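K.L.:
What follows is a predicted structure for the sequence shown.
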Protein chains: 2
Amino acid sequence: MKSSVLDSPSLDRLAVHTITTKPWSLAVAADRFAAAGVSGISIWVEAIAGMSNSEVRNTVQASGLKVPALVRGGFFCDPDAQERVRRIDNNRRLIELAGEISAEMLVLVVGATPRAPLDIQRDWVRDAIENLIDDAKAANVRLAIEPLHPMYSGDKSCVNRLTQAREMCEAIQDPMVGVAVDVYHVWWDEALESEIKRLGELDALFAFHLCDWRVPTRDMLNDRALMGDGCIDIRGIRKLVEANGFRGWNEVEIFSEEHWARDQQAFLDDIVDRYKDC
Amino acid sequence: MKSSVLDSPSLDRLAVHTITTKPWSLAVAADRFAAAGVSGISIWVEAIAGMSNSEVRNTVQASGLKVPALVRGGFFCDPDAQERVRRIDNNRRLIELAGEISAEMLVLVVGATPRAPLDIQRDWVRDAIENLIDDAKAANVRLAIEPLHPMYSGDKSCVNRLTQAREMCEAIQDPMVGVAVDVYHVWWDEALESEIKRLGELDALFAFHLCDWRVPTRDMLNDRALMGDGCIDIRGIRKLVEANGFRGWNEVEIFSEEHWARDQQAFLDDIVDRYKDC
């Protein structure tokens, strides 16, 4: 028997988002992720509420984990112009925070409001991101625009397809700005293959997020499935991003009331097993 | 004061789907719709379960209402080829039924399965529709492909954008086959304007369905809003379809646990008022 048959697939590029094991504190999550062989931890702002930056840094360094991303900045869209300025300023603070905890990027969920046309909102988003590029450079933190599924067009994101995110990158034209591809949000899109190709050509494939689409989906927010339990061709999309030059993290980001109610160590073990399969 | 200020906007093109007032029987719905000045009733298969075709026809004729559509045919997608044949046969029966109750068209929700790639499923759908054209001609019932929102890609429809529906019409190229534009499913799409223009050029704008997108949406199926209570620019989309030649029915199709729990006559009165506003 060749040893390669016995070798586990590498977990060098596997990261897990803190929200995935929401019941765990950052310290517990970092400890357990590292023990399970996971290599990275993407940190949600909610997971570090009340902690100082040095506490966050020390906790992560002690675990030996890397930090692919701070999650989530953005939310730029509001009909009130002064409120939009406040939101950009809030993102400046998040970029600084990301730099201080050595996160490679800030993920941008760009926001949406029911009180303005989507195309006008996308202009606000582009302006906001352009306003943040100097901060991103100073902190050495990249900005990843994450298109969200069109079911979030009304209140969470006016960028709902890779096409729109790619066009925004082309308009901004800065190496600090790229795209987070989350299979949950984009799997249904007939432009998936062509857009990943174009994003690869732009060097704008910054992040790759994994979970699955449950059938039926019982809740619009918190019913994501473990990889393999849904209808997304995760392996195919992973091959696609890699064929187009992506060498970054594979980040598992699952919001699920069902999984949060389980024993989180058993859930984490499942995540690692399923990751090896896809 | 000019009399035109007092005139109500015309209800000549207003139709309501039986599912909108689900608690009412067909007889009650037809009676109340007519009394409220509504001109058409689109009939869901579920609303006539157990009735003979002549009962349905007599009930509708007594009310004086027209029948824009029988709703819903389709559901063509299954991994098993024999099952797909059965589903096509079922649609033959629905076309015949539509003809017998003088419905102008059969609305096709084309179906989806989590167990096949979406592009292959769209080929199944095109084949199925091509198989039904002779039946449609014999019954004088048009077939309206209704793209559903991408949140239904996993289990209800592999046609999720007007673009895909329009491409299917172009591939089939038959005047019996066109598209139902439901604002709920397509409002978020940046191709909305260009696709409605192209559908107009193809004479393929068969139906226009109205409701609104609630923010937040609490349920993926049954939380549609009354026109004006959500974030869709209904008036804008209505102008768009009319500018591109649409002269058909404006069909109100609202699935809502909240509204079904209300007094249905009060709900119907609200529908008529809101229709006049949009």
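P.N.:
Nice, I can see it. Residues are numbered from 1 along each chain as shown, chains lettered A, B, ... in the order given.
K.L.:
How about the contacts made by the residue of the stretch 1-150 of chain A found nearest chain B?
P.N.:
Residue nearest to chain B within the stretch 1-150 of chain A: A:P114 (3.3 Å; C-beta to the nearest C-beta). C-beta coordinates here come from the backbone N, C-alpha and C atoms, glycine included. Residues near A:P114 by C-beta atoms under 8 Å, 6 or more residues apart in numbering or on different chains: A:G154, A:D155, B:V215, B:G230, B:C231.
K.L.:
what do you get if the cut-off is 10 Å, keeping everything else the same?
P.N.:
Residues in contact with A:P114 (C-beta atoms under 10 Å, 6 or more residues apart in numbering or on different chains) are A:P79, A:S153, A:G154, A:D155, B:W213, B:R214, B:V215, B:P216, B:G230, B:C231, B:I232.
K.L.:
cool, A:V16 as well?
P.N.:
Contacts of A:V16 (C-beta under 10 Å, 6+ apart): A:29, A:32-33, A:36, A:38-42, A:65, A:68, A:210, A:249-254, A:268, A:271-272, A:275.
K.L.:
Only whichever of these are buried, select them in ChimeraX.
P.N.:
The ChimeraX command for the buried members of these (criterion: 16 or more other C-beta atoms under 10 Å in any protein chain shown) is given here:
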select /A:29,32,33,38,39,40,41,42,65,68,210,249,250,251,252,253,254,268,271,272,275
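K.L.:
quick one, what contacts the residue nearest to A:C278 when sequence neighbours are not counted?
P.N.:
Nearest residue to A:C278 in three dimensions, chain neighbours excluded: A:I234, at 4.4 Å (C-beta to C-beta, 6 or more residues apart in numbering or on different chains). Residues near A:I234 by C-beta under 10 Å, 6+ apart: A:183, A:187, A:208, A:210-213, A:227-228, A:250, A:274-275, A:277-278.
K.L.:
Are any of the residues you listed buried, and if so which?
P.N.:
So, by 16+ other C-beta under 10 Å, the buried ones in the contacts of A:I234 are A:V183, A:W187, A:F208, A:L210, A:C211, A:D212, A:W213, A:M227, A:N250, A:R274, A:Y275, A:C278.
K.L.:
quick one: which of those residues is nearest to A:D134?
P.N.:
A:F208 (27.1 Å; C-beta to C-beta).
K.L.:
What pairs with the helix or strand the closest one falls within, parallel or antiparallel?
P.N.:
Using DSSP states H and E, A:F208 falls within strand A:205-210. Its sheet considered, strand A:205-210 pairs with strand A:177-182 (parallel), strand A:250-252 (parallel) by DSSP bridges.
K.L.:
how about these, which one is nearest B:P23?
P.N.:
strand A:177-182 (39.9 Å).
K.L.:
what separates the closest one from the chain centre, distance-wise?
P.N.:
8 Å (C-alpha atoms, centre = their mean, to the nearest Å).
K.L.:
what's the following helix or strand after that strand?
P.N.:
helix A:183-186.
K.L.:
Is chain B within reach of that following helix?
P.N.:
Yes. For helix A:183-186, a contact with chain B is found by C-beta under 10 Å from any C-beta of the partner chain, at A:H185, A:V186.
K.L.:
List the buried residues for that helix?
P.N.:
A:V183, A:Y184, A:H185, A:V186.
K.L.:
before we move on, the earlier item: downstream of the strand holding A:F208, the next helix or strand is which one?
P.N.:
Next along from strand A:205-210, by DSSP H and E: helix A:234-243.
K.L.:
how far is that following helix from where the chain is centred?
P.N.:
16 Å.
K.L.:
Export it to CSV, keeping only CA atoms.
P.N.:
The C-alpha coordinates for helix A:234-243 follow below in CSV (Å, rounded to 0.1, in the frame of the first residue of the first chain):
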residue,chain,number,x,y,z
ILE,A,234,-18.3,22.5,-4.1
ARG,A,235,-15.6,20.3,-5.6
GLY,A,236,-16.3,21.7,-9.1
ILE,A,237,-16.3,25.3,-7.9
ARG,A,238,-13.1,24.7,-5.9
LYS,A,239,-11.4,23.3,-9.0
LEU,A,240,-12.6,26.3,-11.0
VAL,A,241,-11.1,28.9,-8.6
GLU,A,242,-7.8,26.9,-8.4
ALA,A,243,-7.7,26.5,-12.2
